[in-house]
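Engineer: Quick one: sequence and predicted model below, then my questions.
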Amino acid sequence: MENRSKKIRLGIFILAGSAMFIFLIAFFTAREFFEKTDTYYVSFQDVSVSGMEVGSTVKYLGINVGTISNININPKDVTSIVVELSLKPGTPIKEDSKAEIVSLGITGMKAIEIRGGTNEANLLSPGSYIQPGSSLTSEITGKAEVIATKVENVLNNLLVITHPDTLSKLPRLLSNFNELTLDADRTILRLDSLIDNNQSDVESAIRNANKISENLLGSSIALDETLQKVNKLIDSDSIADIIGNTRDITRKLNESDITRLIEELAGVVARTQDLLIKVDDDINQGTRDFVESQELLKSTLRNLDEASRKINNNPSLLIRKNKQKNLPDEQLKN
């Protein structure tokens with residue numbers, strides 16, 4: 001009985017393990033079969049895909065977006081390798097995107113990386129071909145060509161330098177260079193002595209330049225302040241009021257009778273001119289009367305001076321009370 005029960009438990013364990021194993025296989029297999037993906041293709045022309053395998057990752061700017069589901073040779077073009085990509089649904093692949101072969105570290109494994117693409121470009125529908133980009137081999141080849149060109153230029157320059165004609169000119173060239181160096185040293189010494197001899201003048205020129213710079217700075221500040229004031233004046237309401245008043249005056253002048261106004265102004269000017277003529281005549285007459293009165297006053301003063309002189313010389317004239325003829329007072333009474 002015990003052996004039978006052990007066999008039954010062993011059989012149950014084997015059946016359970018087998019069922020679990022079959023379930024796991026079915027689960028992962030069904031997952032791959034029923035998982036929805038977007039399929040795209042890339043055709044590489046004359047490019048080796050060594051190191052690339054089915055199941056290798058596909059990246060979009062470094063992000064895993066799918067895997068390589070198949071790699072085949074194009075039967076219509078044996079120089080072309082068609083790589084089938086299975087990407088996550090909804091992966092935005094643009095029409096100007098490019099698929100490039102990249103290396104994964106130092107293991108030699110290769111993967112596909114999708115780069116490029118602009119927001120303005122249209123989305124590429126699943127089942128379409130993605131443009132192939134430059135492969136690692138072509139990049140290395142291009143860099144090698146550039147390096148080879150530079151090495152060739154260096155070798156050509158070395159050949160030119162080591163040519164016998166160039167080597168024969170080298171001593172003379174070194175001699176000329178030595179003379180040039182000596183001339184440069186002498187020139188520098190002369191400049192040093194010249195600066196030492198004229199140091200005071202140089203310092204004075206520097207001070208003057210500093211003063212000029214300060215004056216220019218002050219002038220620029222003053223000019224800036226003036227411009228600010230002018231801008232404030234222009235932006236103020238006074239200019240707008242003046243322009244508005246000028247506009248109103250112009251409008252009123254246009255609306256008024258200019259001809260009648262000019263005639264009235266001409267009449268006023270004529271009357272004013274007549275009045276000025278009369279005033280001028282009155283002023284001239286008053287000036288003449290004033291001159292005559294001034295002459296008469298001068299004559300009276302002379303007579304009074306003469307009379308006072310005579311009285312001082314002969315006081316008896318006052319006692320005699322002789323009537324004098326032609327006295328200025330009598331003339332004034334008359």
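Structural biologist: Everything's here; your move.
Engineer: Do I have it right that Pro89 meets Val65?
Structural biologist: No. Contact criterion Cβ atoms under 8 Å: Pro89 and Val65 do not qualify, at 10.3 Å. Bear in mind the C-beta positions are built from the backbone N, C-alpha and C, glycine included.
Engineer: domains for this protein, by residue range?
Structural biologist: 1-35, 37-142, 205-256, 257-334 (automatic domain parsing).
Engineer: Quick check: which of these is buried the most?
Structural biologist: Neighbour counts (mean count of other Cβ atoms under 10 Å) averaged over each of the domains of the chain peak at domain 37-142, with a mean of 15.
Engineer: remind me which residues of the stretch 51-200 of the chain are low pLDDT?
Structural biologist: Scanning the stretch 51-200 of the chain for pLDDT under 70 picks out the ranges 135-145.
Engineer: For this protein, just list every one of the helices.
Structural biologist: Assigned by DSSP state H, the helices in the chain fall at 2-34, 136-161, 164-197, 199-235, 237-255, 258-313, 316-320, 328-333.
Engineer: Between these, which one is closest to Leu61.
Structural biologist: In terms of Cβ to Cβ, the element of the helices of the chain nearest to Leu61 is helix 136-161, at 17.1 Å.
Engineer: what residues are up against the residue nearest to Ser97 when sequence neighbours are not counted?
Structural biologist: Distances taken as Cβ to Cβ, 6 or more residues apart in numbering put Gly117 closest to Ser97, at 3.9 Å, once the chain neighbours are dropped. Applying Cβ atoms under 8 Å, 6 or more residues apart in numbering, we find Gly117 in contact with Pro92, Ile93, Lys94, Asp96, Ser97.
Engineer: want to throw these into a markdown table with distance to Asp235?
Structural biologist: Listed next are the contacts of Gly117 as a markdown table, based on distance: Cβ to Cβ, whole Å:
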| residue | distance to Asp235 |
| --- | --- |
| Pro92 | 54 |
| Ile93 | 58 |
| Lys94 | 53 |
| Asp96 | 53 |
| Ser97 | 56 |
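Engineer: Sort out which of those are in strands and list them.
Structural biologist: Within those, residues falling in strands by DSSP state E are Ser97.
Engineer: Mind picking the two most distant members of the contacts of Gly117?
Structural biologist: Top of the distance list for those (Cβ to Cβ): Pro92 and Asp96, 12.2 Å.
Engineer: any idea how far Asn64 is from the nearest residue to Glu100 once chain neighbours are set aside?
Structural biologist: Leaving out its chain neighbours, the residue that sits closest to Glu100 by Cβ to Cβ, 6+ apart is Gly133, at 3.6 Å. According to Cβ to Cβ, to the nearest Å, Gly133 and Asn64 sit 18 Å apart.
Engineer: Please apply the same query to Gln131.
Structural biologist: For Gln131, the distance to Asn64 - Cβ to Cβ - is 21 Å.
Engineer: and what of Glu100?
Structural biologist: When distance is defined by Cβ to Cβ, Glu100 is 16 Å away from Asn64.
Engineer: who's the residue lying closest to Ser50 once chain neighbours are set aside bridged to?
Structural biologist: The shortest distance from Ser50 to any non-neighbouring residue, by Cβ to Cβ, 6+ apart, is to Lys110 (7.3 Å). Legend: beta-bridge partners of Lys110 under DSSP bridges are Ser103.
Engineer: didn't Lys110 look like it was pressed against Glu100?
Structural biologist: No. Under the criterion of Cβ under 8 Å, Lys110 is not in contact with Glu100, lying 10.3 Å apart.
Engineer: residues in contact with the residue lying closest to Asp38 once chain neighbours are set aside?
Structural biologist: In this structure, Asp38 finds its nearest non-sequential neighbour in Pro126, 4.1 Å apart by Cβ to Cβ, 6+ apart. Listed by Cβ under 8 Å, 6+ apart, the contact set of Pro126 reads Asp38, Thr39, Tyr40.
Engineer: Now distance to Asp165 too, for those residues, in JSON lines please.
Structural biologist: Listed next are the contacts of Pro126 as JSON lines, based on distance: Cβ to Cβ, whole Å:
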{"residue": "Asp38", "distance to Asp165": "69"}
{"residue": "Thr39", "distance to Asp165": "68"}
{"residue": "Tyr40", "distance to Asp165": "63"}
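Engineer: So what touches stretch 43-56?
Structural biologist: Outside stretch 43-56, the residues that touch it by Cβ under 8 Å, 6+ apart are 67-71, 74, 77, 79-83, 101, 103, 108-112, 129, 132, 135, 137-138.
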